[in-house]
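*Asks:* using only what follows, build the 3D model:
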Amino acid sequence: MVKYKMGPIRIKEKLYFKCLPYKKLDVFICTADPYREPPINVANTVLFVLAYDYSTEKFSIYVSDDRGSELTLFALAEAARFGVYCLPFCRENGVVERCPDAYFSSDNYFKNSQSHKIKLMYGNMITRINNVVEKGKVNEEYISYEDEQQAYTKYSSDGFTPHHHPSIIQVLLANNKDRDTKNIFMPNLVYISRQKSKTSPHHFKAIILKHAIKFAQSERSICAFELRPLAAHNELIGDQQIFRK
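*Replies:* This next block holds a predicted model:
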């Protein structure tokens, strides 16, 4: 009998995994411009990753917004709310294409009352996000919770620009508090926009990734992924880098 230390390993068109206990897994999604990387694509990326078949108590997703845009934060908040309904649907129906945009436009989309309801919710999410992007700001009518209001006020503070602003950290989902419609805990989902100052060099994305990977290693994560927002139909924009401990 042949044993393998690492998986996946593809042998004769079959995929084998070594059975290992779940370790902490951190996924970092980086975005820098809500107009070059539309917030709806960031939302689809987050929903795609949220649906990973992994222990939610050891799974965290961090979205690093290098521009510091309220449009991106709003899209993530909408994705978090939609995910509460979407994730159980994916599990119960064995959905493989778990990026909503890819699934609802694919030949694998199975139409029934449940999938129709989820598609309507997804369409409503798209409309809300696109409306906010078109207006260029998040109006009060789109803000549902007090903690969100506190986060959005930072964007309207005097002197706030993409190159000069305070740090913004918003926990959108907590794996010890937030549950989906089937009462299963959701993974951690955290929005991060690091502090920037015109008087200090910030080294662009490199420095935030450096600290992110160090954090993951300090938390004994098995690996950390850096992803760019998904384009339509589940394609990655740019390269994907994988860092293993």
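*Asks:* where does the prediction get shaky in the protein?
*Replies:* Where the chain drops to pLDDT under 70, the residues are 1-20, 200-245.
*Asks:* so which residue is smack in the middle of it?
*Replies:* With distances taken as Cα atoms, centre = their mean, Val46 lies nearest the centre of the chain, 2.5 Å away.
*Asks:* the helix or strand encompassing that one: what's the following helix or strand?
*Replies:* In this assignment (DSSP states H and E), Val46 forms part of helix 39-50. Later in the chain than helix 39-50, the nearest helix or strand by DSSP H and E is strand 59-65.
*Asks:* and the helix or strand following that following strand with helix 39-50, angle?
*Replies:* Counting by DSSP H and E, the next helix or strand C-terminal to strand 59-65 is helix 70-93. Angle of helix 70-93 versus helix 39-50, following axes from the mean of the first three to the mean of the last three Cα atoms, to 10 degrees, is 40 degrees.
*Asks:* now for helix 70-93, which elements pack on it?
*Replies:* Judged by 3 or more Cβ pairs under 8 Å, 6 or more residues apart in numbering; DSSP states H and E, helix 70-93 is in contact with helix 39-50, strand 59-65, helix 113-135, helix 146-155, strand 168-173, strand 188-193. For glycine as for every other residue, the C-beta is placed from the backbone atoms N, C-alpha and C.
*Asks:* let's have those in TSV, adding distance to Val84.
*Replies:* Listed next are those as TSV, based on distance: least, Cβ to Cβ, whole Å:
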stretch	distance to Val84
helix 39-50	10
strand 59-65	15
helix 113-135	10
helix 146-155	16
strand 168-173	9
strand 188-193	11
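*Asks:* which one of these lies nearest to Asp107?
*Replies:* Asp107 lies closest to helix 113-135 among the helices and strands packed on helix 70-93, at 13.7 Å (Cβ to Cβ).
*Asks:* export only the CA atoms of that closest one, formatted as PDB.
*Replies:* Once non-C-alpha atoms are left out, helix 113-135 reads as follows in PDB (Å, rounded to 0.1, in the frame of the first residue of the first chain):
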ATOM      1  CA  SER A 113     -38.700  27.100  -5.900                       C
ATOM      2  CA  GLN A 114     -35.700  27.100  -3.500                       C
ATOM      3  CA  SER A 115     -33.100  28.100  -6.200                       C
ATOM      4  CA  HIS A 116     -35.500  30.700  -7.600                       C
ATOM      5  CA  LYS A 117     -35.700  32.300  -4.100                       C
ATOM      6  CA  ILE A 118     -31.900  32.300  -3.700                       C
ATOM      7  CA  LYS A 119     -31.500  33.800  -7.200                       C
ATOM      8  CA  LEU A 120     -34.000  36.600  -6.400                       C
ATOM      9  CA  MET A 121     -32.000  37.400  -3.200                       C
ATOM     10  CA  TYR A 122     -28.800  37.400  -5.200                       C
ATOM     11  CA  GLY A 123     -30.400  39.800  -7.700                       C
ATOM     12  CA  ASN A 124     -31.500  42.100  -4.900                       C
ATOM     13  CA  MET A 125     -27.900  42.100  -3.500                       C
ATOM     14  CA  ILE A 126     -26.500  43.000  -6.900                       C
ATOM     15  CA  THR A 127     -29.000  45.900  -7.300                       C
ATOM     16  CA  ARG A 128     -28.200  47.300  -3.900                       C
ATOM     17  CA  ILE A 129     -24.400  47.100  -4.500                       C
ATOM     18  CA  ASN A 130     -24.600  48.600  -8.000                       C
ATOM     19  CA  ASN A 131     -26.800  51.400  -6.700                       C
ATOM     20  CA  VAL A 132     -24.300  52.300  -4.000                       C
ATOM     21  CA  VAL A 133     -21.400  52.200  -6.500                       C
ATOM     22  CA  GLU A 134     -23.300  54.400  -8.900                       C
ATOM     23  CA  LYS A 135     -24.000  57.000  -6.200                       C
END
